[in-house]
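[1] I need the structure of the sequence given here:
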Amino acid sequence: MTIVACQRYLCTSCGAVVMVVPRGIEPRRHYGRAAICLALALWALAGQPTTVVRTRVCAWPGRATTSWRTLTRWGAAVASGSWPWCRAAKGSDARTAAGRAAQIAAGSAPTMTAVPIWEQAYAGGTALV
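    Numbers count the residues shown, from 1 in each chain. Okay, here's the model as predicted:
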């Protein structure tokens, strides 16, 4: 777990507040893009159950649950096209769209040989803009 400092700027003419986050951080999420891409790849491409994905990715371990709703929320965000880095993954089903987004992230990874797709998605998630 890492705490990330964010800068907020106030527009003096209109009063709007803009928050600037470092590259690789997904705005308004508790996880960075690399962790999100890893989770989506494990869930949608590797077919692992949400409980297993949560155990591997969740920043707050030890919570006894039967699922992880965050995965379906991320999948729904991808399916709606609201994340600019994966608009090409826009689709009807959350899990299908999540798989496409994980593949987009894996395609952005540096050249890697003989590693699972979820490792490529994690590496590519750090490179996404």
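
[2] CA only for contacts and neighbour counts going forward, please
    Fine.

[3] excluding chain neighbours, what is closest to Arg8?
    Met19 (4.3 Å; CA to CA, 6 or more residues apart in numbering).

[4] what's around that neighbour, how many residues?
    11 (other CA atoms under 10 Å).

[5] with Gln120 instead?
    27.

[6] and it, that one's in a strand?
    No: per DSSP: H, G, I helix; E, B strand; the rest coil, Gln120 lies outside any strand segment and is helix.

[7] OK, contacts around the closest residue to it other than its chain neighbours?
    Excluding the flanking residues, the one nearest Gln120 by CA to CA, 6+ apart is Ala106, at 4.6 Å. Listed by CA atoms under 8 Å, 6 or more residues apart in numbering, the contact set of Ala106 reads 117-125.

[8] host element of Ala106?
    Using DSSP states H and E, Ala106 sits within helix 94-107.

[9] centre of the chain versus that helix, how much separation?
    Taking the mean of its C-alpha atoms, helix 94-107 sits 10 Å from the chain's own mean (CA atoms, centre = their mean, to the nearest Å).

[10] re earlier: now do the one helix or strand the residue nearest to Arg8 maps to, average pLDDT.
    Met19 belongs to strand 17-20 when assigned by DSSP H and E. Strand 17-20 shows a mean pLDDT of 87.

[11] which strands and helices sit next to it?
    When contacts are defined as 3 or more CA pairs under 8 Å, 6 or more residues apart in numbering; DSSP states H and E, strand 17-20 sits against strand 7-10.

[12] name the residues that touch the strand it packs on?
    Contacts of strand 7-10 (CA under 8 Å, 6+ apart): 16-21.
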